[in-house]
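Trainee: No sequence on hand, only this structure:
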C-alpha cells in the first residue's frame, strides 16, 4: 500500500486500520474492539485485549526461531567493553531480574524508578518490570538530586533501581550522593535501592542500598504476567512550563502496536536488521527505539555508552555503524553538529565501511539545513528528518520508507504519518491556509502509542493538551503545512527549550535563579546555538543594596542551576541587567528577548513599558558581556 492509501484508511476507518495492525502481534487475548473511552472521556485503544510487552519483545522470538539471534549489543568505548546478548540470553536475564523484583514485593501495577547509565541492566530492568506488569519510570542518570526527588515523589515507587556510577567521557559520575540526597528530599525516604555495582566506582552499600548482583544470585526466574492493553507500561517525565514535570503515561497495547507498525512503515526494517538509536534510555527515543520497538520487531538493537565525539574521536558513530553492520542510524541533529565541528571535512569517515548503513534518521529537535546538507554530502546516505514528542512515543510526521519514499524537502519533517490528522490552527482555532504559520494540533483521537493521560493528574492532562482547542491535542509547537502537505515545524510556542534534543523548562530554571537571595526577578530564554540547537540564557535583576560582586553572583547562579537540574541544562550565561523589558501589564517580552539574543531584527512592541530596558540589554550583548 502507498503512503496515501495508508493515510486515508487510517483517517477514514481508524478502528479497522488499527485492528489489522494489532493482528500482527501475539496477544493472550486478541482485541475485538479498537477504540473506546474511559471514565474521564479519554480515548483508549484495544481495551478488551490482553498481552505482555516483554513476551512480545523476547519470549515470542525465542519460541519462534530467533533464540540464538543477537538481540542486544552493548558497546561502551568509555569502559572499553562490548557484550552481545542473544534473544534467549536476554530473555533469561530479564526473567531472573523480574524474579528478583518479585522477591522484593514488586507486582502488577507497582512503580519502579530506574536511575541508570547506559548499561545493559537499564534495558533489562525495563523489560523485567514489563514482564511483571509493573510500571517503570526511567530517570536520566545525569539529572540532579532535586529532579530525581520530584519524580520519586510523583511516581511513589515500590523500589528504586540504579547503578553505582555513570561514565561520562573521561569522568566518573558517582550516583550514590545523588540517590541519597533525592530520597532524603522526597516523601519516599525509606525506599530500597538495588544498586548495580560497577568496577569504575562501587557504591558503599548499607541496609537501604542493596547489591543488585547479590540479590540476582538469589533470584528465581519469573513468568510473564498478562496485563490489559490499557494498563500502563511506563511513566516518562517531560518538562512543563510550570517547572513541575508531567508524567506521560504509555499503555501496553497501543504502544506495542505503534512500535511494531512504525518499524515497518517508517523505518522499513525487517527482523534481523541492526537498528541503532544513538540516544539514552532516559529519553523517549531510548524507550521506543533502543528497547521496545527493535526487540518487538525482532531486530538487533545497540545500546551505546559513549558520545558522538571524544570517545575517542569524531569517528565514533562511523566505527559503531561499520563494526556492527548497522542498517538504520537514528540520532539527534546535535550529534552530527558535534561531529561536524570536530571533523568538518569528515576525514574519519573514510576509515570505515558503511556499506550496510541504509538510512540516517534524525529527530529530537529541528534539523537545520546546514546539518542536513553536511550529513548528506559526507555520508552519501539518505537523511530522513522526522518529528515526534515524548507524548506521542513515535513519529507524528516523517518519510514512511516502508510505504514509499517521499521526495525530501529541506526544513520539513515530510508528511503526517498514518493515524495523525495534523492541522495548523490560528489563535481562535480556525484552520490556517497553506504556508500560514500557527499552532500545530492533532485531531482526536490520537493514534495508538500516544499518551492517554498524565500520571495521577487528569486535570493537568486536559489543561496542558486538550483545553486550548477542544477536539484537538495541542503539540506546543508552531509551524505550517505547504501546498504539497509537507509539515514544517518551526519550534516551541511555550517556554520549553530544546537543548541538544533534551526538552528543558525555562520556567523551572527561572524558579532556581529567582531563589538566589540577591535576585529580585529574572527571565530565562532559549537562544540559538550552532552545536546544541538552543541553550538557556539568563537575564537577572538584582535587589537594591546588593554589594556582592556581580560576576560572583553570576557564577553562583550557573552553579545553582547545575546543582538542581544538572550539567545537561547547559546554563552558562547569566547577564545582570537593570530592568527586564515588559509590557504595561507586566508580561516579560520573551519573544523580543529571544530575537535580540539570536541577533535577529526585532520591532519594539507598542505595548512595551520602558523601551530603554531593551536598549540596555542590547548594549551589554554587543559588548560581549554575556558569557561568563
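Mentor: The structure has been received and is ready for your questions. Just so you know, these numbers come straight off a predicted model, no measurement behind them.

Trainee: rest of the way, CA atoms for contacts and neighbours
Mentor: Fine.

Trainee: Can you mark which positions in stretch 73-90 are buried?
Mentor: Across stretch 73-90, burial judged by 16 or more other Cα atoms under 10 Å covers 73-79, 84-90.

Trainee: tell me the secondary structure for the closest residue to residue 346 other than its chain neighbours?
Mentor: Leaving aside its sequence neighbours, residue 346 sits nearest to residue 378 (Cα to Cα, 6 or more residues apart in numbering; 6.2 Å). Residue 378 carries the three-state label helix when classified by DSSP: H, G, I helix; E, B strand; the rest coil.

Trainee: Let me see the ranges of the helices in the stretch 401-550 of the chain.
Mentor: Taking DSSP state H, counting those that start in this stretch as the test, the helices found in the stretch 401-550 of the chain are 458-461, 506-514, 550-564.

Trainee: For the second one, what does the pLDDT average out to?
Mentor: Think helix 506-514. Mean pLDDT, taken over the full extent of helix 506-514, equals 80.

Trainee: got a pLDDT number for the residue nearest to residue 346?
Mentor: Each residue has a pLDDT score; the one for residue 378 is 97.

Trainee: Kindly report the same for residue 451.
Mentor: For residue 451, the pLDDT comes out at 98.

Trainee: contacting residues around it?
Mentor: The neighbourhood of residue 451, defined by Cα atoms under 8 Å, 6 or more residues apart in numbering, consists of 248-251, 391-393.

Trainee: what's the closest of the helices of the stretch 401-550 of the chain to residue 598?
Mentor: Comparison of the helices of the stretch 401-550 of the chain against residue 598 by Cα to Cα identifies helix 506-514 as nearest, at 16.6 Å.

Trainee: just to revisit the earlier point, adding pLDDT, write the contacts of residue 451 out as TSV.
Mentor: TSV is the format used below for these (pLDDT from 0 to 100):
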residue	pLDDT
248	98
249	98
250	98
251	98
391	97
392	98
393	98
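
Trainee: out of those, which is most surrounded?
Mentor: With neighbours taken as other Cα atoms under 10 Å, the top of those is residue 250, carrying 29 neighbours.

Trainee: Go ahead and name everything in contact with the strand or helix carrying it.
Mentor: Counting by DSSP states H and E, the element that carries residue 250 is strand 246-251. Contacts made with strand 246-251 from outside it, assessed by Cα under 8 Å, 6+ apart, are listed as 229-240, 390-391, 449-455.

Trainee: re earlier: quick check: the two most widely separated of the buried residues of stretch 73-90?
Mentor: Between all members of the buried residues of stretch 73-90, the longest pairwise span (Cα to Cα) is found for 78 and 88 and amounts to 27.1 Å.

Trainee: before we move on, the earlier item: can you tell me which of the buried residues of stretch 73-90 lies closest to residue 513?
Mentor: Residue 513 lies nearest to residue 78 out of the buried residues of stretch 73-90, by Cα to Cα, at 33.6 Å.

Trainee: what's the pLDDT at the closest one?
Mentor: At residue 78, the pLDDT value in this model is 97.

Trainee: Pretty sure it sits against residue 313.
Mentor: No: here residue 78 lies out of contact with residue 313, judged by Cα atoms under 8 Å, at a distance of 11.5 Å.

Trainee: how about the strands in the stretch 201-350 of the chain?
Mentor: When secondary structure is read from DSSP state E, counting those that start in this stretch, the stretch 201-350 of the chain shows strands at 209-211, 227-228, 232-238, 246-251, 274-277, 300-304, 328-331.

Trainee: can I get those in a markdown table with distance to residue 360?
Mentor: Written out in a markdown table, the entries for the strands of the stretch 201-350 of the chain read as follows (distance: least, Cα to Cα, whole Å):
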| stretch | distance to residue 360 |
| --- | --- |
| strand 209-211 | 40 |
| strand 227-228 | 35 |
| strand 232-238 | 26 |
| strand 246-251 | 26 |
| strand 274-277 | 10 |
| strand 300-304 | 15 |
| strand 328-331 | 5 |
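
Trainee: Which one of those lies nearest to residue 48?
Mentor: Put simply, out of these the one that sits nearest residue 48 is strand 227-228, at 7.2 Å, with distance taken as Cα to Cα.
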